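Q: Provided below are the primary sequence and the corresponding predicted coordinates.
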Amino acid sequence: MGDPALRGAEWDFVGARRRLEAKPKSAGEKLTSLDDAAARVVDGDRVAVGGCLFSRTPLALVREVLRARRRALTLVRNLTCTEGELMMGAGAVERVMTAWMSIGLPWGVSKVMRHYVESGAVALEEWSHLALGLRFRAAAMGVPFVPALTMLGSDLVAVGGMKTVADPYSGETLAAVPALFPDVALLHVHRADRFGNCQIDGYPHMDADIARAAATVLVTTEELMTDDETRRHPDRTVIPGFLVDALVHVPFGAFPHECYGLYEADFDHFGDYTSSIDARGPEAAVADYLARYVYAPSAWDDYLDLFGGERLAKQQNQARELTQ
Amino acid sequence: MGDPALRGAEWDFVGARRRLEAKPKSAGEKLTSLDDAAARVVDGDRVAVGGCLFSRTPLALVREVLRARRRALTLVRNLTCTEGELMMGAGAVERVMTAWMSIGLPWGVSKVMRHYVESGAVALEEWSHLALGLRFRAAAMGVPFVPALTMLGSDLVAVGGMKTVADPYSGETLAAVPALFPDVALLHVHRADRFGNCQIDGYPHMDADIARAAATVLVTTEELMTDDETRRHPDRTVIPGFLVDALVHVPFGAFPHECYGLYEADFDHFGDYTSSIDARGPEAAVADYLARYVYAPSAWDDYLDLFGGERLAKQQNQARELTQ
Amino acid sequence: MTQPFTSAELLAIMGSRVLRDDTTVFAGVGVPLLAAALAQQRHAPNLTMVIEGGIIGPRIKPGRLPISTNEMRAAHRAQMLPGITDTFLFAQRGFLDYGFMGGAQIDQYGNVNTSVLGTDYWKPKVRLPGTGGANDIASLCKEVIILTAHEKRRFVPRVDFVTSPAWLDGGDARRRAGLPFGGVSRVVTTLGVFGFDPQTRRMRLDALHPGVSREQVREHTGFPLLEAPSVAVTEPPSADELAMLRTLDPERRFLG
Amino acid sequence: MTQPFTSAELLAIMGSRVLRDDTTVFAGVGVPLLAAALAQQRHAPNLTMVIEGGIIGPRIKPGRLPISTNEMRAAHRAQMLPGITDTFLFAQRGFLDYGFMGGAQIDQYGNVNTSVLGTDYWKPKVRLPGTGGANDIASLCKEVIILTAHEKRRFVPRVDFVTSPAWLDGGDARRRAGLPFGGVSRVVTTLGVFGFDPQTRRMRLDALHPGVSREQVREHTGFPLLEAPSVAVTEPPSADELAMLRTLDPERRFLG
């Protein structure tokens, strides 16, 4: 399935390292605008999206990538949610690498995913949750693979072309989970300083590994912290500034997905969205959603206005209640 | 060097997993006394010691192991400091696996280490800092090795018998850093609740990996926190209670080594100690130190009294000044 | 069945009884989480729940049950939030005693399909959501328990696609595939409890729920079932179990 | 030498000049840390210091210079504390541009020994402290700079033990050993600055410090040195560099 040379680039640890070696690793200013950040994504990129499912999804960045009408992207995300549906509907992705795709139990199997995958418009390459996590981790470690005990024996092995490796000590056969070096990482965090040092509250998902694995790292942050705040809590920093290429200050940057402790996901919004899909079919419903939520509002604040302050405040209260 | 069967146990991921499978993994009470905790260390054990050099060393636990007159231990620690010298002087260790051993630049090369290693009384097996860290990490991951790009080409490869592995994707040769599953881990942390959930401030060193790698985990904590405190800051927990076997509340449990943010290492004490070694030779000086600081004071509070409250307070102030 | 409980309640209660104290369990959202929470309240106070979103030791809030494994409701009052990869690595290391699973198709060797219906993966008749963490749970936990409605279309001779490996082709196939640990030990369905023959690893009827006949089971199973030498009858959900379970999901979001 | 600066000052200043802006450097305690801090203050404001104890972006406190890479003084006002293993993994991934090293023995291919003197590792004449992170820095950084006093007993034809590999036996030996990246690019000593022939990888005199002769260098080197086509003379430490450096170590703990 697919071009083997292209696939080789996924785990080419030498090439991935040379890319980093050629790049400045600055402790300096990283703050910029959403469109300037998203301009670093080009057609054909392997794009890793941080967070997981509807948690801490970098939706402001995803939206900007869609507004820039990018094409032929490969989306990599462990649990893929509405952002993946929008990317499919917008014609931005040709391949999705994931362990699971839908919104969540109450909304059933994703009809958008079924439509684009069953028709062959998008290839869905499935890896186990741990295996995909280890693909990022191997890349973060700068090695072409890590051994593991998962996925073996299953039909998933053939899907992604995973190989095995013999342990040189015991002789046992283990899964050799290949590294996955993304071209770009899109991440959303709780706090960052202007130099790109990032801190995350609650569950960390895989963002730290993804940041180390990618050639280019774009980050949005709920809160901009001072250099002094970073240095007062250095043990909270999970991504160092020197590997961040662009940082944008975007409160509610994951909405209507959740951000731990700050706002809960807007389940009613998901319900309205899936009702529209049920009523009008995946293509028309997603096209309409894209028109209203992605292409029409040019600024992120305009986008948030579509939800309204009252709804945002309600989701904030619910998050506080659940995490305090 | 050494018994190959014994060495095989270091990286036997199947045996190490069976040990865990056979063990209760309780969410219940872990609080006990120092001597009860240390009684779980038996002669011949591979003992991994948390912290690094003179930082967050579990000295109360090390002292208790020495008071129990354990023998034939293998000490594993990345940077080995006075605790290693005391274990050598007490005749407790026959092998030390480390990347570096001495106290620090101002005190020169460890005369105690030289005495016991050059005479052949103790085998010092040297691994690179990262390789030893990856040995713990491979074990924490439950795999027999992890590939790496370090130690290759050096004479360290032959010392520890490290092998190589061919990447099944690119064909490149990488170091196959073998797992190291300790029998026991001794750790000192900032805060733990009575169920053994542990939180660490400042640099984490390798404690989290060591805890996952070891068959038995013994922890001392500066502060005992409530269940509610754990649950209010779950993103600070680095060791889950279900893998902790024994927990002891020991304020200043790393002294005269440092504990980040709480007290600085007592450099004057190190100076007095090395002066005594210069004057009287390693064997006599360490024997005297053991008599005074390890064997004579039965309780940890008696031990702390040898330093005095004024000195402890001074070290606390210095730590505060450096970390705020 | 005429008992005063739903299928979901039956599964949650039967599932909870499997869990011993002083253990850890990988619990997915819905019935598995309710089974684990019930066990914790009833007979396993020192059980630790682990959720694949990267959550250890949560206290599930009645009325605010999580919809996904990666959200604040799942993390409510947790003791640790180690991240997804590290959470699965706890299982790979051997720290996870139990894992719960379900699936669109289950075969006579306990293998589960949650990926595609149809024979060509790249051109599926029906594309399902995928493994999520199920493959990892099936590969890495010490013991795996399948909780599922018992339907003929679900219990197939051979799954279209092995998403989560149990005993593969039976015998020592699992070991030979490079999976030295774990495996599915029990299948708890709405009709009974099933194990696997220790030699062939074929599915075996171990116990029937009260009022269920062998014939009913065979009728709803798409492959020939082995039978234990003496097929037991399960103890029905007690009033006590039902009451406790119902307080956990007062809105009956998952209890049906 | 009669210049009004110490050997340590000379090494720190020469070391600092190597570091470009917008880069990262693995800095050990003592002279390397001072070199990095000086570069940061003078010409590389966007340089990030990384310390192997697991410390990124510290602000070293004058008068409270760290004694070890794993202590609060080294972590003072740091931006991140990722742990030791993860810090080295940043280097393995390719995030570390520079690494500084020293050593008890250095050979003509730049290999360094900090483990044992004598030919039998298990029965050493002198047991040294060991590699610490030096082997990893030598293996993983994009470019390694050795800072050392220039003494004949130190500059040996072949190190007793290769703790930290540079070019091994020369030629493409490093690549063949499985080290595709990095290598020692420069050796900065109290007498001059040295590089390596791109083909043979033998050490080559590139520049002399002011007032030092080729003969002096040969006299203090235990192996035959190559010479660059035109051997330069280094710019001596400026008053400005010396003043800045001295404010970093007012107690002269490391500046001698």
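A: All right, it came through fine.

Q: And the strands in chain A?
A: All strands of chain A, identified by DSSP state E, fall at A:46-49, A:73-76, A:79-80, A:93-98, A:100-101, A:123-126, A:145-148, A:163-166, A:173-178, A:184-193, A:198-199, A:216-225, A:237-239, A:246-249.

Q: Can you say which of those is packed in most?
A: Stretch with highest mean neighbour count among those: strand A:79-80 (a mean of 30; mean count of other CB atoms under 10 Å in any protein chain shown). Using the backbone N, CA and C atoms, a C-beta is placed for each residue, glycine as well.

Q: quick one: contacts for residue 201?
A: Let's take chain A. A:190, A:260-261, B:235 (CB atoms under 8 Å, 6 or more residues apart in numbering or on different chains).

Q: if you could check chain C rather than the one you did, that'd help
A: C:109-110, C:166-167, C:170-171, C:173-174.

Q: so what pLDDT did the closest residue to residue A:127 other than its chain neighbours get?
A: Using CB to CB, 6 or more residues apart in numbering or on different chains and skipping the chain neighbours, the partner closest in space to residue A:127 is residue A:160 (5.4 Å). pLDDT for residue A:160: 93.

Q: how about low-confidence regions in the stretch 1-150 of chain A?
A: Residues of the stretch 1-150 of chain A that meet the criterion pLDDT under 70 lie in A:1-6.

Q: Residue A:243 is in contact with residue A:211, correct?
A: Yes. Counting by CB atoms under 8 Å, residue A:243 is a contact partner of residue A:211 at 6.0 Å.

Q: joint contacts of the two?
A: Shared contacts of residue A:211 and residue A:243, defined by CB under 8 Å, 6+ apart, are found at residue A:217.

Q: In JSON lines, list the strands of chain A along with distance to residue C:71.
A: JSON lines is the format used below for the strands of chain A (distance: least, CB to CB, whole Å):
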{"stretch": "strand A:46-49", "distance to residue C:71": "17"}
{"stretch": "strand A:73-76", "distance to residue C:71": "21"}
{"stretch": "strand A:79-80", "distance to residue C:71": "11"}
{"stretch": "strand A:93-98", "distance to residue C:71": "18"}
{"stretch": "strand A:100-101", "distance to residue C:71": "14"}
{"stretch": "strand A:123-126", "distance to residue C:71": "22"}
{"stretch": "strand A:145-148", "distance to residue C:71": "26"}
{"stretch": "strand A:163-166", "distance to residue C:71": "35"}
{"stretch": "strand A:173-178", "distance to residue C:71": "27"}
{"stretch": "strand A:184-193", "distance to residue C:71": "15"}
{"stretch": "strand A:198-199", "distance to residue C:71": "20"}
{"stretch": "strand A:216-225", "distance to residue C:71": "17"}
{"stretch": "strand A:237-239", "distance to residue C:71": "20"}
{"stretch": "strand A:246-249", "distance to residue C:71": "24"}
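
Q: Compare those and give me the one nearest residue B:83.
A: Evaluated over the strands of chain A, closeness to residue B:83 peaks at strand A:237-239, with 29.6 Å, by CB to CB.

Q: Direction included, what does the closest one pair against?
A: As defined by DSSP bridges, the strand partners of strand A:237-239 come to strand A:198-199 (antiparallel).

Q: ok, and what's touching the partner strand?
A: For strand A:198-199, the surrounding residues in contact (CB under 8 Å, 6+ apart) are A:187, A:189-192, A:211, A:219, A:221, A:225, A:230, A:233, A:236-239, A:244.

Q: ok, of those residues, which one's closest to residue C:87?
A: residue A:238 (16.2 Å).

Q: Tell me if I'm right that that closest one and residue A:203 touch.
A: No. Counting by CB under 8 Å, residue A:238 sits too far from residue A:203 to count as a contact (11.7 Å).

Q: Now do the helices in the stretch 151-300 of chain A.
A: Ranges of helices within the stretch 151-300 of chain A are A:156-160, A:207-213, A:227-232, A:267-280, A:282-289, A:300-307, based on DSSP state H, counting those that start in this stretch.

Q: Columns mean neighbour count and distance to residue D:97 on top of these, output as TSV?
A: Shown next, in TSV, are the helices of the stretch 151-300 of chain A (neighbours: other CB atoms under 10 Å in any protein chain shown; distance: least, CB to CB, whole Å):
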stretch	mean neighbour count	distance to residue D:97
helix A:156-160	20	34
helix A:207-213	26	16
helix A:227-232	16	22
helix A:267-280	16	45
helix A:282-289	18	45
helix A:300-307	15	35
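
Q: Need the distance between the two termini of stretch C:165-185.
A: End-to-end distance of stretch C:165-185: 12 Å, with CA to CA, to the nearest Å as the criterion.

Q: I would like the residues contacting it, please.
A: A:149, A:152-154, A:164, A:172-175, B:14, B:17, B:21, C:94, C:99, C:101, C:109-112, C:135, C:138-146, C:162, C:195-196, C:199-202.

Q: Taking these, please make a ChimeraX selection of just the buried ones.
A: A single ChimeraX command suffices to select whichever of the contacts of stretch C:165-185 are buried according to 16 or more other CB atoms under 10 Å in any protein chain shown:
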select /A:149,152,153,154,172,173,174,175 /B:17,21 /C:94,99,101,109,110,111,112,135,138,139,140,141,142,143,144,145,146,162,195,196,201,202
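
Q: Cross the contacts of stretch C:165-185 against helices and list the overlap.
A: The helices, defined by DSSP state H, take in B:14, B:17, B:21, C:135, C:138-140 from the contacts of stretch C:165-185.

Q: Among the residues you listed, which one lies nearest to residue B:168?
A: Comparing the ones in helices among the contacts of stretch C:165-185 against residue B:168 with CB to CB places residue C:139 closest, at 19.1 Å.

Q: who's in contact with the closest one?
A: A:128, A:149-154, C:164-165, C:179, C:182.

Q: pLDDT wise, what is it at?
A: Reported pLDDT for residue C:139: 98.

Q: quick one: which of the contacts of residue A:201 has the most company?
A: Highest neighbour count within the contacts of residue A:201: residue A:260, with 26 neighbours (other CB atoms under 10 Å in any protein chain shown).

Q: And the helices in chain C, which stretches?
A: Under DSSP H, chain C gives helices at C:7-18, C:31-42, C:72-75, C:84-93, C:134-140, C:173-176, C:214-219, C:239-248.

Q: re the thing from before, now render the contacts of residue A:201 as a markdown table, adding pLDDT and distance to chain D.
A: Shown next, in a markdown table, are these (pLDDT from 0 to 100; distance: CB to the nearest CB, whole Å):
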| residue | pLDDT | distance to chain D |
| --- | --- | --- |
| A:190 | 98 | 15 |
| A:260 | 98 | 20 |
| A:261 | 97 | 21 |
| B:235 | 97 | 15 |
